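In: Just the structure for this:
(2 chains)
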Amino acid sequence: MSKTIEEINEKIKSGKALVLNAEEIIEYAAENGVKKTAKNVDIVTTATFGPMCSSGAFLNFGHSDPPIRMTKTWLNDVPAYSGIAAVDAYIGATELSETEGMAYGGANVIVDLIDKKPVKLRAISYGTDCYPRREIETFITIENLNQAYLFNPRNAYQNYAAAANSSKKTIYTYMGKLLPNLGNVTYCSAGQLSPLLNDPYYRTIGIGTRIFLAGAEGYVVWHGTQHNPGRTRLANGTPEGPAGTIAVIGDLKKMDTRYLRAANFYKYGVSLYVGIGIPIPVIDEEMVEFLCIKDEDIYTEIYDYSVQRRNRPSYGKINYKQLRSGVIELKGKKVLTGSLSSYSKAIEIAELLKSCINNKKFYLTGHVSQIPLEQQLNALNVLSEDEL
Amino acid sequence: MITKRLVLTFPEKIVTKPITYRLVKDFDLQFNILRAEITTDIEGKILIEVKGEKNSIEAGIKYLLNEGITIQDAAKDIIIDKEKCINCGICPSLCITKALIMDSKTHELVFEKNKCILCGFCENCCPVNAIRLNI
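Out: Predicted coordinates for the structure are as follows:
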């Protein structure tokens, strides 16, 4: 028994689709069995809300009079990349303000734009015959931009490594504040709700998949940077560490700062909390098996972030049920755990997506192409041209 | 008699000195050690509540400063801005008295103020600046 996306969309249209979130499906399948679940349930909504550094937005400012070919551009003193066409720029989430440092960055600019706040635009140029202006300073809001779209090269990591600190000093990392002598452990995944952990072999999530992106409709456009599907996997298909990733796109003008938040990590820098919801069509029984994944079946590895090397020592594997309990045992000691990814926000997004589908406001798309199942992850080595 | 809550930071070289003993013996101060941590950043940190005559407390503080101890007034209050909070769950990992915990049903942050000893470890850990310490 298998279902097509078209059949599922027909059911949405007639109001007969049964939609559950990735937490509800666990119990439903336990009560009804895989066969019946595959028959009855049409869609499972998955979601995540975590800091995703590899994020940013493309903006088009429109032309000034006389026009300028912007070569260097700042938004609220945060540099934006404008080495593309005359008035296009990319504001990266982690870029820091040249006046406020870590207290304000690209993520804050993006959020201020969505909140319709005025943003100071400054740009300089060398001037050309066709673009004579050499400098501009003005204020913009998102409403006067021609286009503003979020284009995140790497989001929704399929699992992520947990962090601890064995040194004698508190360290401040992108995994948060880590206390000395293994004083705490931090982790970052929506676990059983996470999109790519519910579709571990990317059977349904691929290029062209329509998603919920920060309050608006978005799309998966490519596999994400650092996509590493070859990571060791458990029998249930889930990888034991950071594996697959996706690149996503969506209209910033339609986004909501309830689902897109700037993050300022003390002594580390700026990042962007991105809310992503992905509906997974229950196409067959195999899909049900994947969707039933529970926190206790998903494992990750704890690494020592005080070792400032590419390969950090590991303290072994642990599952998300243990991590989410708030306390784990590490080297014979009870250690408090903390999550960077918000489970409550992920549930909220999964529920919102469910209600959009139930209200016939969101239809599913099949992917037009799969994201790779085989790809090697390269490291950067310092080499001379001859050594390549 | 007055009461003061102080955070004392001991440099590594004097961690072994009987400082608190001297406070009792020489300055007639009563105190409660609410929290002690001698591993963080190779320094010793203790949170104490001192009770005594105003003059004695002042003299005691002077003695501590002379010994090379840094003194800060302890936080009077920790305020969680529920509007800003995204319930990520990072701050409970820094709260050793479990005043900050995640509710296992709602997955939302619960702050039990009566368990908080105002150590201030949670300061600077919040990615959305939802935690404020009133000093």
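
In: In three-state terms, label the residue of chain B positioned farthest from its centre for me.
Out: No residue in chain B sits farther from the centre than B:K105, which is 30.1 Å out by C-alpha atoms, centre = their mean. Following DSSP: H, G, I helix; E, B strand; the rest coil, B:K105 is assigned to coil.

In: Tell me the strands beside the strand ranked longest in chain A, with direction?
Out: For chain A, the longest strand by residue count, based on DSSP state E, is strand A:269-281. In the sheet, strand A:269-281 lines up against strand A:43-51 (antiparallel), strand A:210-213 (antiparallel), strand A:260-265 (antiparallel) (DSSP bridges).

In: for the next helix or strand along the chain from it, packing partners?
Out: Moving toward the C-terminus from strand A:269-281, the next helix or strand (DSSP states H and E) is helix A:285-291. Counting contacts by 3 or more C-beta pairs under 8 Å, 6 or more residues apart in numbering or on different chains; DSSP states H and E, helix A:285-291 is packed against helix A:24-40, strand A:269-281. Placement of C-beta: from N, CA and C, glycine included.

In: tilt between the longest strand of chain A and helix A:24-40?
Out: Put simply, strand A:269-281 runs at 30 degrees to helix A:24-40, going by axes from the mean of the first three to the mean of the last three C-alpha atoms, to 10 degrees.

In: got the buried residues for strand A:269-281?
Out: Of the residues in strand A:269-281, A:269-281 count as buried by neighbour count, 16 or more other C-beta atoms under 10 Å in any protein chain shown.

In: Then stretch B:18-28?
Out: Taking 16+ other C-beta under 10 Å as the criterion, stretch B:18-28 shows B:19-20, B:23, B:27 as buried.

In: among the strands paired with strand A:269-281, which is nearest A:V327?
Out: strand A:43-51 (21.5 Å; C-beta to C-beta).

In: ok so, going back, among the strands paired with strand A:269-281, which is the most enclosed?
Out: strand A:43-51 (a mean of 29; mean count of other C-beta atoms under 10 Å in any protein chain shown).

In: Sheet partners, orientation included, of the next helix or strand after that one?
Out: Moving toward the C-terminus from strand A:43-51, the next helix or strand (DSSP H and E) is strand A:56-60. Its sheet considered, strand A:56-60 pairs with strand A:88-92 (antiparallel), strand A:147-155 (antiparallel) by DSSP bridges.

In: how about the ones you listed, which one is nearest A:A103?
Out: Closest among the strands paired with strand A:56-60, using C-beta to C-beta: strand A:88-92, at 16.8 Å.

In: mean confidence for that closest one?
Out: In this model, strand A:88-92 has a mean pLDDT of 98.

In: Send me that strand as CSV with only the CA atoms.
Out: The C-alpha trace of strand A:88-92 is given here as CSV (Å, rounded to 0.1, in the frame of the first residue of the first chain):
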residue,chain,number,x,y,z
ASP,A,88,22.1,43.6,-4.9
ALA,A,89,23.6,42.6,-1.6
TYR,A,90,23.7,39.6,0.7
ILE,A,91,23.5,40.2,4.4
GLY,A,92,25.0,37.3,6.3
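
In: okay if I get the helices and strands packed on helix A:285-291 as JSON lines plus mean pLDDT?
Out: Listed next are these as JSON lines, based on pLDDT from 0 to 100:
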{"stretch": "helix A:24-40", "mean pLDDT": "98"}
{"stretch": "strand A:269-281", "mean pLDDT": "98"}
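
In: so can I have TSV of the ones you listed showing distance to A:E143?
Out: Formatted as TSV, these follow (distance: least, C-beta to C-beta, whole Å):
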stretch	distance to A:E143
helix A:24-40	39
strand A:269-281	21
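
In: Near chain A, which residues of chain B are found?
Out: B:39-42, B:86-96, B:101-102, B:104, B:106-108, B:121, B:124-125, B:127-129 (C-beta under 8 Å from any C-beta of the partner chain).

In: so how many other residues sit close to A:N40?
Out: Around A:N40 there are 12 other residues, counting by other C-beta atoms under 10 Å in any protein chain shown.

In: Cross-check the contact I'm expecting between it and A:L18.
Out: Yes: between A:N40 and A:L18 there is a contact under C-beta atoms under 8 Å: 5.7 Å.

In: Adding distance to A:G316, write the strands paired with strand A:56-60 out as a markdown table.
Out: A markdown table is the format used below for those (distance: least, C-beta to C-beta, whole Å):
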| stretch | distance to A:G316 |
| --- | --- |
| strand A:88-92 | 35 |
| strand A:147-155 | 27 |
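
In: Contact partners for the residue of chain B found nearest chain A?
Out: Using C-beta to the nearest C-beta, the closest approach of chain B to chain A is made by B:S93 at 2.7 Å. Residues near B:S93 by C-beta atoms under 8 Å, 6 or more residues apart in numbering or on different chains: A:176, A:184-186, A:336-338.
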